[in-house]
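Asker: Fold the following and give me the result.
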Amino acid sequence: MKNSLYTFFSVLSICFFISCKKTENTNTKTIATVKNEIEYSSNLAIYKYDGYSIVKVLNPWPDANKNFTYILKEKNASVPDSLQKYPQLSVPLQSIVVTSTTNVPFLEMLHVEKSLTGFPHTDYISSEKTRKLIDAGIVKNVGQNERLNIEKLIDLAPEAIVTFGIDNNNPMIANLEKSGLNVIIQADWMEQSPLGKAEWIKLYAALFGKEKEGKKLFDNIVKNYNEALKLVANQKAASTVLYGSMYQNQWFVAKGKSWVAQFMKDAKSNYLWADVEGSGSLGLAFENILDKAKNADVWIATGSFKDLKDLADSNPHYSQFAAFNNKNIYTFESRFGATGGTIYYELAPSRPDLVLKDYIKIFHPELLNDYAFTFATKLN
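Answerer: Take a look at the predicted model:
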């Protein structure tokens, strides 16, 4: 199942908060400088005030020409006049629609999954807990990401719809807003930092009034990630790594600043395309891949292959790689939910600590003898 929604980074700009205090003309309430609650994410900022929070979503899609600001207002709170121009949502929310499977684990981790009332193409969701809600009719199918069923959404009347844009032309988002629906643009898929991507749990924590729980959950992920880093702190990056597979007429490798490449770097491996500038992926001809990675020690294959035969059947030229003949090939995409959703795509962004351990197990198996893979599968 080909699906990828993971790339990009941006420079955080919050000049609105440079001054220590700003007094409003018609509202004596002041906006004091407070600490950004976000530490690792490049595309999210949250400022917590008495009775309300300011949420900023930065660089929401590639080459974005605008950012987004939202005010999360608690009951009976007073919001300064200068913030009235931004969309306001009353929190904690009681109902929500999300449009990416990567959001589902955040809801479950915060124990608010029962607030989910709609999702586009519900077959993509793998979580057993949320699948039960779908089967019970609590979570409705609301169409496809760029063709959401607005009539159904109006009928559901969720207090917020969290969605994403892919470029500066997003008519679906405009249509949702014109219909009177509260829309929040997210940019977790733009993050390149593993911990930065996982930190988006704090947005959902703020939406549901569970900031303390969200911080505790995220801090534990950071702790686990750092403990995994310590395991390989004194290890050499000995294993040379081939990544990707053929798709149509090109082989797509992860660029050196991508989310995937960061895991391979942190797990102390010698990823052969680590020096390629930028994030996202780079399409190359098969000959270029073979020339550089014919003798690679490990191959991380993209695609839902069941075994080596399945891989070879997809392209007979794969047998030219040493990693194929040495049976040292892994994939993160061969585990599925009950209706075909890829578990890795859904859960991995929220649990980078587990992804990192999988990579360490691949490159330095002696360090995690008793560890069972969460996502990765070795092709036999």
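Asker: Can you tell me the SS state at residue 242?
Answerer: Of the three states, residue 242 takes strand under DSSP: H, G, I helix; E, B strand; the rest coil.
Asker: what about it, how many neighbours?
Answerer: Applying other C-beta atoms under 10 Å, we find 28 residues neighbouring residue 242. C-beta coordinates here come from the backbone N, C-alpha and C atoms, glycine included.
Asker: what's the answer for residue 47, then?
Answerer: 20.
Asker: Kindly report the same for the one 5 residues further on.
Answerer: Residue 52 has 18 neighbours, counted by other C-beta under 10 Å.
Asker: Next one: it from residue 341, what distance?
Answerer: 36 Å (C-beta to C-beta, to the nearest Å).
Asker: Centre of the chain to the longest helix seen in the chain, how far?
Answerer: Counting by DSSP state H, the longest helix found in the chain is helix 211-231. Averaging C-alpha positions (C-alpha atoms, centre = their mean, to the nearest Å) puts helix 211-231 16 Å from its chain's average.
Asker: repeat for stretch 311-323
Answerer: The answer for stretch 311-323 is 31 Å, by C-alpha atoms, centre = their mean.
Asker: surely residue 103 meets residue 186?
Answerer: Yes: look at residue 103 against residue 186 with C-beta atoms under 8 Å: they come within range, at 7.5 Å.
Asker: residues shared between the contacts of the two?
Answerer: Residues touching both residue 103 and residue 186 (C-beta atoms under 8 Å, 6 or more residues apart in numbering): residue 162.
Asker: Looking at these two, which has the bigger crowd around it?
Answerer: The neighbour count for residue 103 versus residue 186, taken as other C-beta under 10 Å, is higher for residue 103 (26 against 23).
Asker: roughly how far apart are that one and residue 202?
Answerer: Counting by C-beta to C-beta, the gap from residue 103 to residue 202 is 13 Å.
Asker: Also residue 111?
Answerer: Residue 111 is 16 Å from residue 202, where distance means C-beta to C-beta.
Asker: same question, residue 268
Answerer: 29 Å.
Asker: Ok, residue 354 next?
Answerer: Here the criterion is C-beta to C-beta. By it, residue 354 lies 19 Å from residue 202.
Asker: Neighbour count for those two, which is higher?
Answerer: A count of neighbours by other C-beta under 10 Å puts residue 202 above the other of residue 354 and residue 202, at 23 against 18.
Asker: element containing the more buried one?
Answerer: For residue 202, the host element (DSSP states H and E) is helix 201-207.
Asker: other SSEs contacting that helix?
Answerer: The helices and strands touching helix 201-207, judged by 3 or more C-beta pairs under 8 Å, 6 or more residues apart in numbering; DSSP states H and E, are strand 44-49, strand 52-57, helix 104-109, helix 211-231.
Asker: Residue 266 is in contact with residue 358, isn't it?
Answerer: No: using C-beta under 8 Å as the test, residue 266 is too far from residue 358 to be in contact (11.7 Å).
Asker: Quick check on these two: which one has the bigger neighbour count.
Answerer: Shown here are residue 266 and residue 358; by other C-beta under 10 Å, residue 358 has more neighbours (24 against 18).
Asker: residues contacting that one?
Answerer: Residue 358 makes contact with 332, 373, 374, 375, 376 under the criterion C-beta under 8 Å, 6+ apart.
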